[in-house]
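Novice: what would the 3D arrangement of this be:
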Amino acid sequence: MADGGASLRALLDTVNTLLRQRRYRAALAVLKGFRNGAVYGAKIRAPHALVMTFLFKEGSLREKLKSIAQATFTHSRNLAYFVFTYKGLMALQSRLLGKKIPLHSFFAAFIGGWLVFGENNPINSQVNVF
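Specialist: Next up, the predicted model:
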């Protein structure tokens, strides 16, 4: 069992060494942003959908639960896609120009928002209002 612990430690050390390398920073930021967008979208949307569905929606319990799950999934997915697009475009602009310019965030957010939240549906409409 001690040998398994040593090999696990060596694997973790190797992974941590790779993660500390500067050349992977942008790719890791994009992946981490995708994950964080998905988690945040679920944490925010699930309680909101739960309350709004039971207050204002008609139908059986099964239909209400399905609606809550669908709204949570859609919101979570959209936020994950947006953050992925935003961070990816920020990294791309920085890489192409060699430096960061304040307008980069505007362009990345504009393009990401247009691509992800441009479709007219109830979830996107609510996001666009806020």
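Novice: could you pull out the strands for the protein?
Specialist: Shown for the chain, no strands are assigned by DSSP state E.
Novice: tell me the mean pLDDT for the longest helix along it?
Specialist: Counting residues, the longest helix found in the chain (DSSP state H) is helix 61-97. When pLDDT is averaged over helix 61-97, the result is 93.
Novice: please name every helix or strand in contact with that helix.
Specialist: Packing partners of helix 61-97 (3 or more CB pairs under 8 Å, 6 or more residues apart in numbering; DSSP states H and E): helix 25-56, helix 102-117, helix 122-129. Quick note: C-beta positions are derived from backbone N, CA and C, even for glycine.
Novice: give the other helices and strands that the last one contacts.
Specialist: Where contact means 3+ CB pairs under 8 Å, 6+ apart, helix 122-129 is packed against helix 61-97, helix 102-117.
Novice: same check, this time on the second one
Specialist: Here helix 102-117 is seen to pack against helix 61-97, helix 122-129 when contacts are counted using 3+ CB pairs under 8 Å, 6+ apart.
Novice: and the last one, average pLDDT?
Specialist: Helix 122-129 shows a mean pLDDT of 74 in the predicted model.
Novice: next, the angle from it to helix 25-56.
Specialist: 110 degrees (axes from the mean of the first three to the mean of the last three CA atoms, to 10 degrees).
Novice: flag every buried residue along helix 122-129.
Specialist: Neighbour-count burial for helix 122-129, counted by 16 or more other CB atoms under 10 Å, picks out 123-124, 127.
Novice: before we move on, back to that, quick one: which of the helices and strands packed on helix 102-117 is nearest Ala26?
Specialist: Set against Ala26 and scored by CB to CB, the helices and strands packed on helix 102-117 come closest in helix 61-97, at 3.7 Å.
Novice: list the buried residues of that closest one.
Specialist: For helix 61-97, a neighbour-count test (16+ other CB under 10 Å) marks 64, 67-68, 71-91, 93 as buried.
Novice: among the helices and strands packed on helix 102-117, which comes closest to Asp13?
Specialist: Across the helices and strands packed on helix 102-117, closest to Asp13 is helix 61-97 (CB to CB), at 26.7 Å.
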